[in-house]
Each structure stands twice: as structure tokens, then as C-alpha cells.
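**Student:** I'll drop the sequence and a predicted model, then ask my questions.
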Protein chains: 2
Amino acid sequence: MTSDGTGSGLHARLLAALGPAITSGVHPPGTVLRADELAERYEVSRTVVREAVRVLESMRLVEVRRRVGVTVLPVTEWNVYDPQVITWRLAGADRPRQLRSLTVLRGAVEPVAARLAAERGDAGDGARITEHALGMVATSRGQQLENYLVHDIGFHHAVLRASGNEMFARLGDVVAAVLTGRTEHEVMFSDPRQEAVSLHVRVAEAIREGDGARAESTMRTITEDALSELDILAP
Amino acid sequence: MTSDGTGSGLHARLLAALGPAITSGVHPPGTVLRADELAERYEVSRTVVREAVRVLESMRLVEVRRRVGVTVLPVTEWNVYDPQVITWRLAGADRPRQLRSLTVLRGAVEPVAARLAAERGDAGDGARITEHALGMVATSRGQQLENYLVHDIGFHHAVLRASGNEMFARLGDVVAAVLTGRTEHEVMFSDPRQEAVSLHVRVAEAIREGDGARAESTMRTITEDALSELDILAP
DNA sequence: GGGACATCAAAAAGTCATACTTAAAGAGTG
DNA sequence: CACTCTTTAAGTATGACTTTTTGATGTCCC
């Protein structure tokens, strides 16, 4: 398996070249690419180009019409929930905007997910969530950011899954990407704030106790903090 | 342009056959399809099959490995935010479950979107939203469900766009699909409830006045009503 | 003369068949 | 148990041909 986005085949490699090129604005909306030209430029067969283009089309990054070619669509058309598109955009130029959009989305979804987890989750869910919250506590001091991140991601993932809602659960990867990005790129030299850690523990408690309202409001504090943190970094 | 999902090319038609077949469980997870077999069954060339399969792969409905074939992935892998996947699932057997997931998602997102619309939206946004709310009022009596639906969709779409958040805005189509489905399939012989209509008007007012808290809580009432409505229909 | 409509040719994607390469699962062997 | 070897199905390349669409050319009628 290829751990990064780049698959094994030529089509996947072409996709990994074209996708970021489009989302980063190298080929701005309205640009028309011709399939033959792409085949020549990237030294692959038309077969390969067609497959990659079909995928871009399904992501609504491009539209392909006969006698015209492959036209890059405006951002408003893009399937911004597609994991690949999210990855490409997070890696590219409008990373800050993307990070903000996703954090706002988290702010809408995670508190509700926490409430549902408290109301509908079973003991196993509560245990998993608590386990990660405690893991965060254990790794919150002494420059163990990597391990802390694992538990942070695990915590949010577990809550989203425990909500029992499929759409929420699928946002786990998005949250993971945001948290990872924060640790990697943004300023986070020091240990995480103890206040943030304790909020996670309190969410876990509320969920275990089945207290939906408290789980929701506490989680809302967490997501609001995440948003303010962004505002401080990029006002 | 093809008004329905079925595109013009053979690959699109094959996709429109395979996608629903997978999401509806005709080919349950774990099923292995061979490309050659598909080409024969649907009487198309391997080129066409490959293009369709590549798209299914990018939706994470299938995984394709050499020497194995095209394997249908478990539901937990599917890109459930992909508009096409949503459409297919709404048209298929697990429509009720899908409708519920989406309605819960609406319940998380729309109230927050309404607050943001009130806090950040401009006069034009307010005007558009109000226009649709009034349109709902005007069409709420006398069996004008079709026109009512147009304004209902327009209202929610306008609020989501006015939120200024790209991710929220992209959920407009999802909401439209849910509302359309409700009108078409579920019991909705009679005129809409006046109470629901007036809630929309009040959200519009709150947004125009920049009252984020009121916009949020009123919208929350709307989405909670939508959820209870589902509970009544499918407990 | 000018606008509306029909016709036509070129361009680029769409489709197909074929030949060949490559990776990997599974059998067979030491 | 590890190693090799065969077989299988996907991956890639290419050439020939079809189809759609657009923009240009041209014609007719007002």
C-alpha cells in the first residue's frame, strides 16, 4: 500500500499531479486542457489521461466536453468534501482558508456528535473515548506531541463514531487532517494547554454519564477554542 | 445537458448502472467483479469499464487490485458525502436510513449556518433569504406544493450560502435532495404547517437584524421539527 | 444591407480491438 | 517454512474509427 496519496498506477500518479495543480490554482477555473496535450506533457497514453480526467470530473474539478476539451470548473462546483480534494487543498496555497472552513464545520458537527454519543453510545464507546482522553492527559507534558496527537485524533474519531451517525463518522478523517496540520505546520512548540486537555476529559465524563447537554456544551468550548486559535494565527 | 444523473457517454451510463447496484446491495461488500466480465455483461469495451471503475474507486465504493479484480468495499469506506453516492442511496433501499443521517447532519449544520449568516451576511443575503421566506408564505396554502418546495429549497440554500462557509454552502444540494424527497415520497398531501412557515419567516427576520443567537435557535427548531417528522414516519 | 437559418468542415473527445507488460496470489517444490 | 514458478487479471500503449459540437461559410428572405 502507498501510505501517501500517490497510488501505484500511472493514472494515480497523473491524478496526484493534476489534482493539486488545479486546486492550487496552477490551472485556474476556465482553463482548457486538451487530453492529447496532457498525454504528451506527462508522457503517458491517452488511456491513462482519460482515467485520471474521469476522476477529476467526478470530483467536479473539471468538466469535459467534446470538441472543447477539459475545462477547469469554478471553486463553487468542486466536491469540497472529497477526501482527496481536502488533502490537496490543505497541502496547497489556500490552506489557511481551507483550515478555517473545516474548523467551522467541526464547530457545527462535533458538539452535536458529542451529545448523540452521550445519549446513544454504549459502554464500549465511552471506554474508548475515555481511554483517549486519559492518553491525552498522560502525553500532555514533556514534548510528546506525536503521541498526544494520536490520542487527540483518536478521541475525536471515537466521539464521531459513537454518535451513531454515518455522516459524522466520516468526518473523522477530516478532523484528523486538521489536527495533524495544526501540530505539523502551525506554532505548537510547547506542550498543549492543560485547560484544553481537561476539557476533553470532561467531555468523556459527560458521555460516560449519558449527560448529552454537558457533553455538547463542553465540546462546543473545545471547538470554539480551536477557532480562536486560528484567529490568533491568521486574523 | 442530461437533466438526470445519467451522462451522455457509455462510461457514465455504466456508472449509473454500477453505482446504484453497489449502494443498493445488489453487489454486497466483499463481492469481486472482474473487469472483463463487466465489459461482456454490459456490452462495452474494457476502456469504458476502466473509466467507470476508476470513478467508483475514487468514491471508495470499490477497491481494485491486480490479479484479484474489483472488490466492493464495506459501507464504512464509502465517500458518503459524494453527491452521486447520496443520490444513489436516496433512490435505493436504505433510503430511510440515509434520510435520517442527512437530517441529523442538517440539524448540526443549519443552525450554525443561520447564526453565521446573521453575523456576517450582507443586505443582499438578507433580501434573498427573506424573499424565499415570503415565497413560502405565499405558496403555503392551496395545494401549491411544487412552488412551496422551490422556495423552501431556495431559503435553506440562501442561508447556507450566506454563512460564508464553503463547506456549508456545498450542503445546499443535500438539503435540496432531502426536502424534495420529503415532498415526493413521504406523506405530504396537505398544505405545509403554518407553524413551520412562520419559523422560516422568523429566521429571515433574525438574519436581517443580525441577531445570530435568535437565528440559530429558531433554525434549530426547524431542524428539530424535521427530525421529529421523520420519527413519526419511521420510528 | 442585415439578420435568421441551414449547411459543412474541422476539432477533440468517445469507443473499440488488439497486443503487450506487470504485479501478485496461489500452487508446487525443495 | 521458504523459495520459485505459473497463472491470472489488471495496467498500459497504440491505431483505427465514430460521434458530437462549434464556428465558419453561405444562402435566403425581409
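**Tutor:** Ah, there it is. Residues are numbered from 1 along each chain as shown, chains lettered A, B, ... in the order given.

**Student:** list the contacts for the residue of chain A found nearest chain B?
**Tutor:** Closest to chain B within chain A is residue A:81: 3.5 Å, counting by C-beta to the nearest C-beta. Where C-beta positions appear, they are placed from N, C-alpha and C, glycine not excepted. Under the criterion of C-beta atoms under 8 Å, 6 or more residues apart in numbering or on different chains, the neighbours of residue A:81 are B:79, B:81, B:82, B:167, B:170.

**Student:** out of everything not next to it in sequence, what's closest to residue A:116?
**Tutor:** Nearest non-adjacent residue to residue A:116, counting by C-beta to C-beta, 6 or more residues apart in numbering or on different chains: residue A:163, 4.0 Å away.

**Student:** ok, that neighbour to residue A:121 distance?
**Tutor:** 8 Å (C-beta to C-beta, to the nearest Å).

**Student:** with neighbour numbers in mind, choose between those two.
**Tutor:** residue A:163 (27 against 24; other C-beta atoms under 10 Å in any protein chain shown).

**Student:** just the strands in chain A please.
**Tutor:** Ranges of strands in chain A, per DSSP state E, are A:32-33, A:62-65, A:69-72.

**Student:** for DNA strand C, find the nearest of those.
**Tutor:** Taking C-beta to the nearest atom of the strand, strand A:69-72 is the member of those nearest to DNA strand C, at 3.6 Å.

**Student:** what's the average pLDDT for that closest one?
**Tutor:** Average pLDDT, strand A:69-72: 98.

**Student:** ok, that strand near DNA strand D or not?
**Tutor:** No - counting by C-beta under 7 Å from any atom of the strand, DNA strand D is not contacted by strand A:69-72; separation bottoms out at 10.1 Å.

**Student:** and that strand, what does it pack onto?
**Tutor:** Counting contacts by 3 or more C-beta pairs under 8 Å, 6 or more residues apart in numbering or on different chains; DSSP states H and E, strand A:69-72 packs against strand A:32-33, helix A:35-41, strand A:62-65.

**Student:** and the longest one, how far from the chain's centre?
**Tutor:** In this case it means helix A:35-41. In this view, helix A:35-41 has its centroid 32 Å away from the chain centroid, taken as C-alpha atoms, centre = their mean, to the nearest Å.

**Student:** kindly report the residues of chain A close to DNA strand D.
**Tutor:** Residues of chain A lying near DNA strand D (C-beta under 7 Å from any atom of the strand): A:9-11, A:43-48, A:51, A:65-68.

**Student:** distance to DNA strand C, mean pLDDT and mean neighbour count added to the helices and strands packed on strand A:69-72, as a markdown table?
**Tutor:** Shown next, in a markdown table, are the helices and strands packed on strand A:69-72 (distance: least, C-beta to the nearest atom of the strand, whole Å; pLDDT from 0 to 100; neighbours: other C-beta atoms under 10 Å in any protein chain shown):
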| stretch | distance to DNA strand C | mean pLDDT | mean neighbour count |
| --- | --- | --- | --- |
| strand A:32-33 | 7 | 97 | 18 |
| helix A:35-41 | 4 | 97 | 15 |
| strand A:62-65 | 5 | 97 | 17 |
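
**Student:** now distance to residue B:148 too, for the ones you listed, in a markdown table please.
**Tutor:** Formatted as a markdown table, those follow (distance: least, C-beta to C-beta, whole Å):
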| stretch | distance to residue B:148 |
| --- | --- |
| strand A:32-33 | 41 |
| helix A:35-41 | 45 |
| strand A:62-65 | 32 |
